[in-house]
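>>> prediction below, plus the sequence it came from.
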Amino acid sequence: MIKLEINDFVQEIYEELVCYEEVGEEKALKWKEKITAFLENANSKDIKKTKDKTYYQIEDESEIFDLADKYLEALQNGKEEEYWKKPL
């Protein structure tokens, strides 16, 4: 298990999304804003909080790529609205 500070976790996926031609920087920024808002209210076993930091726990780095691919797939299939019901 890897614990990433929540902002680092979001940034890692954002950077991957920017690399996809189908997503690009504009859509990646939109994703970043929405996922940040989602995470503020999320209740997940993968979110760990300490006194001053919040972490997201992943199995390994491949999960970053899987999460980016999940968003790309939603865009390609016209299912972005569905994606936001359970993005992680």
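Looks like it arrived, so ask away. Numbering: from 1, shown residues only.
>>> show me what the helix or strand bottoming out on mean pLDDT in the chain is packed against.
Within the chain, no helix or strand scores below strand 47-49, which has a mean of 90 by mean pLDDT, DSSP states H and E. Counting contacts by 3 or more Cβ pairs under 8 Å, 6 or more residues apart in numbering; DSSP states H and E, strand 47-49 packs against strand 54-58. Every residue, glycine included, has its C-beta placed from N, CA and C.
>>> and the next helix or strand after the strand it packs on, what's its mean pLDDT?
Where DSSP states H and E defines the elements, the next helix or strand beyond strand 54-58 is helix 62-76. Averaged across helix 62-76, the pLDDT comes to 97.
>>> restricting to C-alpha, output helix 62-76 in PDB.
The C-alpha coordinates for helix 62-76 follow below in PDB (Å, rounded to 0.1, in the frame of the first residue of the first chain):
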ATOM      1  CA  SER A  62      -0.600   1.300 -11.600                       C
ATOM      2  CA  GLU A  63      -3.800   2.500  -9.800                       C
ATOM      3  CA  ILE A  64      -3.000   6.100 -10.900                       C
ATOM      4  CA  PHE A  65      -3.000   5.000 -14.500                       C
ATOM      5  CA  ASP A  66      -6.200   2.900 -14.000                       C
ATOM      6  CA  LEU A  67      -8.000   5.900 -12.600                       C
ATOM      7  CA  ALA A  68      -6.900   8.100 -15.500                       C
ATOM      8  CA  ASP A  69      -8.000   5.400 -17.900                       C
ATOM      9  CA  LYS A  70     -11.400   5.200 -16.200                       C
ATOM     10  CA  TYR A  71     -12.000   8.900 -16.800                       C
ATOM     11  CA  LEU A  72     -10.800   8.700 -20.400                       C
ATOM     12  CA  GLU A  73     -13.100   5.800 -21.100                       C
ATOM     13  CA  ALA A  74     -16.100   7.700 -19.600                       C
ATOM     14  CA  LEU A  75     -15.300  10.600 -22.000                       C
ATOM     15  CA  GLN A  76     -14.900   8.400 -25.000                       C
END
